[in-house]
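Participant: output the structure for:
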Amino acid sequence: MTLSEILQGVTVTKIFQTLYGKMVVTHDVKVSGVQYDSRKVEKENMFVAVRGAESDGHKFLSSAIAQGAKVIVIEDDNAIPDALCMHTGVVKVVVPNTRKALAVISANYYGNPARQMTIIGVTGTNGKTTTTFLIKQMIESRPEYVVGLIGTVEYEVGNEIIPATHTTPESLELHQLFAHMREQGCTHVVMEVSSHALLQYRVFGIPFAVAVFTNLTQDHLDYHGTMEEYFKAKKILFDSLTEKAVAVVNGDSEYGKKIVEGIKAPVVSYSIHNASDAKAEHVSLSVAGFSATINKTEVQTSLVGKFNIYNFLAAYSAVNALGITVSEKVFKNLRTAPGRFEQIQSLHGWTAIIDYAHTPDALENCLQTIRDTLPGDKRRSVITVFGAGGNRDKTKRPLMGTIAEKLSDKIIITSDNPRMEDPKAIIEDILAGVSDKEKAVCEPDRAKAIVRGLQAAKDGDIVLIAGKGHEKYQIIGNKKQHFDDCEEVRKYMQQ
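Facilitator: Modelled structure (predicted):
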């Protein structure tokens with residue numbers, strides 16, 4: 001691909017293309033590939049220097065050039081002198097924002113695959129993963145459609161499953177994934193859009209046909225600082241929508257109305273309580289799922305809990321916004337995402353529930369669902385095993401302790417992904433929100449904590465193991481080691 005093709009639509013403030021006094025014509029410069037990691041640069045590649053939280057690509061320009069970079073894209077014109085570029089035959093491209101530039105360059109390099117598919121983005125604190133899984137299943141119930149999925153648990157391309165590296169990949173990998181999906185015949189892509197991705201321009205320029213807002217509750221304040229800044233990050237997705245797109249929002253969330261203020265796209269709302277375009281009425285919850293009337297349609301699903309009604313409504317509204325009709329029979333067979341309220345029944349009568357809940361709101365939703373769907377005459381006690389991630393928002397830890405104490409009969413506080421923090425210090429932060437310390441057991445070893453929770457369970461008890469869900473690893477220090485909550489439960493059951 002030529003440089004002029006790859007820079008189509010990129011705002012450029014300067015191009016230095018002189019090689020020993022001879023001007024290099026833009027369309028003559030061939031680019032063999034694009035990289036933002038200098039270690040991956042190969043001959044004739046373009047290297048885009050992006051600024052990250054831990055490193056700045058501008059510091060690795062010499063390394064990229066030494067490895068064969070033909071073009072460098074930078075924000076800081078002074079990061080490398082023109083003279084060095086002249087003597088090495090490297091084209092220097094200066095742009096106002098290299099992250100934005102990388103997004104447009106990546107799309108161009110892979111042939112703008114997102115323009116050839118229908119893209120649905122889902123954002124919010126909780127419910128993103130399940131909502132995307134539901135949207136995929138609903139659309140693919142129609143044989144003429146194939147849906148790619150990008151999210152926290154995995155990336156799906158037809159029947160191919162690729163382990164997820166990020167909830168929303170960096171723009172280069174994202175457009176590469178889009179290109180692969182297009183090649184495999186995908187007509188639609190449904191993806192989770194994180195607040196980090198929005199602030200870092202990973203989804204900049206993507207033509208979203210539908211954007212879904214689930215909710216906004218406390219999380220990621222270690223990154224955003226305040227709830228207002230967290231909200232502003234989410235709003236970026238909706239502000240980017242055109243008149244041809246549709247915004248689907250939770251009408252029961254106080255942020256639902258705010259997030260669509262001033263946007264160009266028409267708005268569709270869903271709710272359980274407030275008036276909306278898709279309101280769930282005559283709701284019935286049980287351990288087998290929920291039933292409800294939505295716009296005069298009788299809906300029955302195997303999705304458990306009130307929070308899954310919202311997830312269903314979000315998916316249902318998004319699919320309707322695309323003009324796709326789904327049979328009521330499809331709703332009965334919908335499955336949730338792995339590690340989301342995943343139930344394991346014991347021969348001894350107790351039930352273990354594995355869930356990704358790692359925010360105060362998600363933990364409360366899980367525990368309230370257990371209380372709502374499993375009445376007292378069918379269960380004895382609720383035992384909750386949970387922790388909190390290290391090097392993340394510390395202010396949510398005592399809140400989770402308070403919620404767990406309020407809605408559980410016994411709590412076991414343990415490690416989640418402690419990372420570089422002392423697990424005992426994290427546990428102390430959680431314990432600060434627990435008023436009755438006698439009700440809590442502290443066990444930093446997660447495997448031992450799970451065993452203690454299961455050992456305490458009797459016939460009819462529920463053991464909620466929260467925080468990691470689908471994750472098959474635990475991050476201790478800077479090492480990621482294998483760990484699977486489901487595996488630990490099944491291992492105990494085989495003893």
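Participant: buried ones in the longest strand anywhere in the chain, by neighbour count?
Facilitator: Scanning the chain for the strand with the most residues, using DSSP state E, yields strand 278-286. Of all the residues in strand 278-286, those buried under the rule 16 or more other CB atoms under 10 Å are 278-280, 285. C-betas here are computed from N, CA, C, even on glycine.
Participant: using JSON lines, lay out those together with pLDDT and distance to Arg392.
Facilitator: Supplementary listing: these in JSON lines, determined by pLDDT from 0 to 100; distance: CB to CB, whole Å:
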{"residue": "Ala278", "pLDDT": "97", "distance to Arg392": "34"}
{"residue": "Lys279", "pLDDT": "97", "distance to Arg392": "35"}
{"residue": "Ala280", "pLDDT": "97", "distance to Arg392": "33"}
{"residue": "Leu285", "pLDDT": "91", "distance to Arg392": "32"}
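Participant: Val210 should be in a strand, yeah?
Facilitator: Yes. Counting by DSSP: H, G, I helix; E, B strand; the rest coil, Val210 falls inside a strand.
Participant: find the nearest non-adjacent residue to it, please.
Facilitator: Spatial nearest neighbour of Val210, excluding adjacent residues (CB to CB, 6 or more residues apart in numbering): Ile120 at 4.6 Å.
Participant: follow-up on the earlier one: CSV for the buried residues of strand 278-286, including distance to Leu303?
Facilitator: As requested, those are exported to CSV (distance: CB to CB, whole Å):
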residue, distance to Leu303
Ala278, 16
Lys279, 17
Ala280, 12
Leu285, 10
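Participant: may I ask which helix or strand of the chain has the lowest mean pLDDT?
Facilitator: Ranked by mean pLDDT, DSSP states H and E, the weakest helix or strand in the chain is strand 22-23, scoring a mean of 61.
Participant: most centrally placed residue in the chain?
Facilitator: Nearest to the mean C-alpha position of the chain, counting by CA atoms, centre = their mean, stands Thr167 at 3.5 Å.
Participant: host element of that one?
Facilitator: Here Thr167 is covered by no helix or strand, with elements defined by DSSP states H and E.
Participant: contacting residues for it?
Facilitator: Residues in contact with Thr167, defined by CB atoms under 8 Å, 6 or more residues apart in numbering, are 128, 151-152, 192, 194, 196-197.
Participant: what's the separation between it and Gly151?
Facilitator: Distance, Thr167 to Gly151, using CB to CB, to the nearest Å: 6 Å.
Participant: and Gly21, what's its pLDDT?
Facilitator: Residue-level confidence at Gly21 comes out at 57, pLDDT.
Participant: how many neighbours does the nearest residue to Ser346 once chain neighbours are set aside have?
Facilitator: In space, and not counting its chain neighbours, Ser346 is closest to Met493: 6.1 Å by CB to CB, 6+ apart. The tally of other residues near Met493 (other CB atoms under 10 Å) stands at 14.
Participant: for Met493, which residues are in contact?
Facilitator: With contact taken as CB under 8 Å, 6+ apart, Met493 is in contact with 344, 346-347.
Participant: cool, and Glu364?
Facilitator: Contact analysis of Glu364 by CB under 8 Å, 6+ apart lists 403, 407.
Participant: same thing but 10 Å
Facilitator: Neighbouring residues of Glu364 by CB atoms under 10 Å, 6 or more residues apart in numbering: 217, 307, 357, 399-400, 402-404, 406-407.
Participant: among those residues, name the buried ones.
Facilitator: Using 16+ other CB under 10 Å as the threshold, 217, 307, 357, 399-400, 402-404, 407 are the buried ones among the contacts of Glu364.
Participant: from these, which land in strands?
Facilitator: When DSSP E defines the strands, the subset of the buried ones among the contacts of Glu364 inside them is empty.
Participant: and which of these is nearest to Arg452?
Facilitator: The shortest approach to Arg452 among the buried ones among the contacts of Glu364 belongs to Ala404, at 15.0 Å (CB to CB).
Participant: turn the contacts of Thr167 into TSV, columns for neighbour count.
Facilitator: Below are the contacts of Thr167 laid out as TSV (neighbours: other CB atoms under 10 Å):
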residue	neighbour count
Lys128	27
Gly151	25
Thr152	19
Glu192	24
Ser194	22
His196	16
Ala197	25
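Participant: among these, which ones are in helices?
Facilitator: With helices defined by DSSP state H, the entries of the contacts of Thr167 inside them are 128, 196-197.
Participant: got a pLDDT number for Glu54?
Facilitator: For Glu54, the model assigns a pLDDT of 78.
Participant: meant to ask about His220
Facilitator: Looking at His220, its pLDDT reads 62.
Participant: likewise for the one 3 residues further on?
Facilitator: At Tyr223 the predicted local confidence, pLDDT, stands at 65.
Participant: go on, the one 4 residues further on?
Facilitator: At Met227, the model reports a pLDDT of 83.
Participant: how many neighbours does it have?
Facilitator: The number of residues near Met227, taken as other CB under 10 Å, comes to 15.
Participant: from what I see, Ile161 and Tyr155 are in contact.
Facilitator: Yes. Contact between Ile161 and Tyr155 holds when scored by CB atoms under 10 Å: they sit 7.4 Å apart.
Participant: which one of the two is surrounded by more residues?
Facilitator: Each of Ile161 and Tyr155 had its neighbours counted (other CB under 10 Å), and the higher figure belongs to Tyr155 (23 against 12).
Participant: show me how this protein divides into domains.
Facilitator: When the chain is parsed with automatic domain parsing, its domains come out as 3-108, 111-332, 342-493.
Participant: chain center to the last one: distance?
Facilitator: When you say that, I think you mean domain 342-493. Taking CA atoms, centre = their mean, to the nearest Å, the mean C-alpha location of domain 342-493 is offset from the chain mean by 21 Å.
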